[in-house]
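Enquirer: Need coordinates for the below:
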Amino acid sequence: MKRRSFLKGTLATGAAAVAVNAGLLTPSTVLADWNKNAFSAKSSDDALNSVFGSASATASGDVKLKAPAIAENGAVTPVTVDATGMSGVESIAILASKNPMPLVCTYDFADSALGYVSTRIKMGETMNVVAVVKAGGKLFKAEQEVKVTIGGCGG
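Expert: Alright, predicted model coming up:
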């Protein structure tokens with residue numbers, strides 16, 4: 001390594017450390033804004049009202065929710081929401097109905113994006129997983145029960 005490059009890197013690291021210690025760079029200034037009311041809501045309807053302004057979603061065959069019928073480990077339950085057959089998908093929300101705070105995640109899409117999400121969610125017990133898709137200003141949903149086994153003896 002050349003001496004000049006080493007000195008530049010050391011100077012930049014030192015300046016960043018001084019800025020962090022002085023309070024000029026704080027994590028709160030670089031984090032994205034989040035919907036605190038939605039993620040701290042105690043019921044699914046309250047969470048949906050906070051996210052979409054309405055809790056009334058129509059069941060639709062165009063929203064395909066894929067989750068295991070039996071999840072051996074509720075801490076990492078794979079869930080996939082496929083709404084690629086719908087046009088104008090604006091956002092997707094996933095809820096776990098019996099979790100202390102049911103809203104698990106929300107995703108916002110640009111105009112040209114396909115409505116497809118695959119993630120892993122945490123579930124404390126057997127419950128319904130609900131996917132809500134906002135497309136064309138309307139809400140559509142799909143729902144599936146997922147049984148969570150605890151210690152291999154069923155939940």
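Enquirer: so what secondary structure elements neighbour the helix or strand encompassing Asp45?
Expert: Per DSSP states H and E: Asp45 is located in helix 44-52. Using 3 or more C-beta pairs under 8 Å, 6 or more residues apart in numbering; DSSP states H and E as the contact test, the elements touching helix 44-52 are helix 36-39, strand 89-96, strand 103-108, strand 127-135. Where you see a C-beta, it was placed from the backbone N, CA and C, and this is true even at glycine.
Enquirer: Partner strands of the helix or strand that comes right after it, with direction?
Expert: Proceeding N to C from helix 44-52, the next assigned helix or strand is strand 58-59, under DSSP H and E. Partners of strand 58-59 in the sheet, by DSSP bridges, are strand 138-148 (parallel).
Enquirer: Give me the below-cutoff pLDDT ranges for this structure.
Expert: Low-confidence segments of the chain (pLDDT under 70): 1, 20, 23-33, 150-155.
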